[in-house]
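Asker: Predicted model and sequence follow; I will ask about them next.
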Amino acid sequence: MTLLESLNKYTTVVADTGDIEAIAKHRPQDATTNPSLLFHAAQMPEYRHLVEEAAEIALERGGCHEEMAAEFIDYLFVLFGCEILKVVPGRVSTEVAASLSFDTEGTVAKARKLISLYEEKGISRKRILIKIASTWEGIRAAERLEKEDIHCNLTLLFSFAQAVACAEARVTLISPFVGRIYDWYKKEHGGAEIPPDQDPGVASVTRIYNYYKTYGYKTQVMGASFRNVNQIVRLAGCDLLTISPELLEQLEQKEASLERRLDPATAKGSKDERLHLDEKSFRWMHNEDAMATEKLAEGIRKFNSDAQHLEEYALSQVAEKVG
């Protein structure tokens, strides 16, 4: 048995890529995308037809170049998502622009639009997760969307406050960023590697998982942003784990059986009291976590930068069509 086969017994494995061939190779249940992954995938010759189709649709919709570029990006996300759903039996996560991270109304509107585009293509909203940054505004948007049966994946999650607020908002799924948490603490320790049994990213996900199971929250935990196989192994049993093709390959190459580390049956012993956070208490609690405050702000900037690269690409494709 490979490590990946062993992991599949306890955890739903999700592919973190826009490369459809890589997804098909590793046969995950779900897949996640973001502007950076799609920008790289869009450069690949095998997906040129999707780029062409998105550009044609944007041209048909008309408007100024910027409006057509925005249409191009929306359709590119949806067209890639539709192709991905042909090779995964579950769901695909499609991201709302990071520029809307502090805009509840804008996030709700964009999510509704993406869902409508998927439904135009015959895809049920049950197979889509809308990825939204775990800001207070993003969480409030997700709370509203969930009531419309639009399921959400709250990303860029670093603090316990974010996890608590997401659970109280009854979002479908959260994505705590294991690797980025590890990176911050490694830098704080002068660049020295942190022993695996003291990994702060793994500890963060474990704490959140135990809290959710102790208090009966339905929100699922999907560990994300891994730096190595060991982090994945130590979270075996987590509801879901989203993993890059490179690490999926390593898991497939190694013959071994892993033990379940996270289990609902043994998780109901969280040391954390049950919290109920209003906006003021959320913002204060999150602000008290220096790592989370820095990594959320940095993550939003990075995702926005990736989106700008995609937007520049979109403008070039539209300009080429307008000719």
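Answerer: On my side now, so go ahead. Numbers count the residues shown, from 1 in each chain.

Asker: from here on, contacts and neighbour counts on C-alpha atoms
Answerer: Fine.

Asker: buried stuff in the longest helix seen in the chain?
Answerer: Determined from DSSP state H, the single longest helix within the chain is helix 290-322. Neighbour counts over helix 290-322 (16 or more other CA atoms under 10 Å) mark 291-292, 295-296, 299-300, 303-308, 310-311, 313-315, 317-318 as buried.

Asker: same thing with stretch 67-80?
Answerer: Quick answer for stretch 67-80 (16+ other CA under 10 Å): 68-80.

Asker: Output that stretch as CSV - backbone C-alpha positions only.
Answerer: Extracted in CSV, the C-alpha atoms of stretch 67-80 (Å, rounded to 0.1, in the frame of the first residue of the first chain):
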residue,chain,number,x,y,z
GLU,A,67,-15.0,44.8,-18.6
MET,A,68,-14.2,42.2,-21.2
ALA,A,69,-11.1,41.1,-19.2
ALA,A,70,-13.2,40.7,-16.1
GLU,A,71,-15.6,38.5,-18.1
PHE,A,72,-12.7,36.5,-19.5
ILE,A,73,-11.4,35.7,-16.0
ASP,A,74,-14.8,34.7,-14.7
TYR,A,75,-15.4,32.4,-17.7
LEU,A,76,-11.8,31.0,-17.6
PHE,A,77,-12.4,30.0,-13.9
VAL,A,78,-15.7,28.3,-14.8
LEU,A,79,-14.4,26.6,-18.0
PHE,A,80,-11.4,25.2,-16.1
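
Asker: Numbering from 35 from now on, please.
Answerer: Sure, I'll start numbering at 35, so the last one becomes stretch 101-114.

Asker: starting at the chain centroid, how far to it?
Answerer: Chain-centre distance of stretch 101-114: 19 Å, with CA atoms, centre = their mean, to the nearest Å.

Asker: Show residues contacting the helix or strand of the chain with the lowest mean pLDDT.
Answerer: Lowest on mean pLDDT, DSSP states H and E among the helices and strands of the chain sits helix 69-76, with a mean of 87. Applying CA atoms under 8 Å, 6 or more residues apart in numbering, the external contacts of helix 69-76 come out as 51-53, 81-82, 84-85, 111, 114, 129, 337, 340-341, 343-344, 347.

Asker: Mind doing that once more with 6 Å?
Answerer: 51, 52, 53, 340, 341, 344 (CA atoms under 6 Å, 6 or more residues apart in numbering).

Asker: Skip the chain neighbours and tell me the closest residue to the fourth one.
Answerer: Residue nearest to residue 340 in three dimensions, not counting chain neighbours: residue 70, with 5.1 Å by CA to CA, 6 or more residues apart in numbering.

Asker: mind checking how far the nearest residue to residue 353 once chain neighbours are set aside is from residue 181?
Answerer: Excluding its sequence neighbours, the residue lying closest to residue 353 (CA to CA, 6+ apart) is residue 99, at 7.4 Å. Residue 99 sits 35 Å away from residue 181, going by CA to CA, to the nearest Å.

Asker: Tell me which of those two has more neighbours.
Answerer: Taking neighbours as other CA atoms under 10 Å, residue 99 and residue 181 compare with residue 99 leading, 17 against 11.
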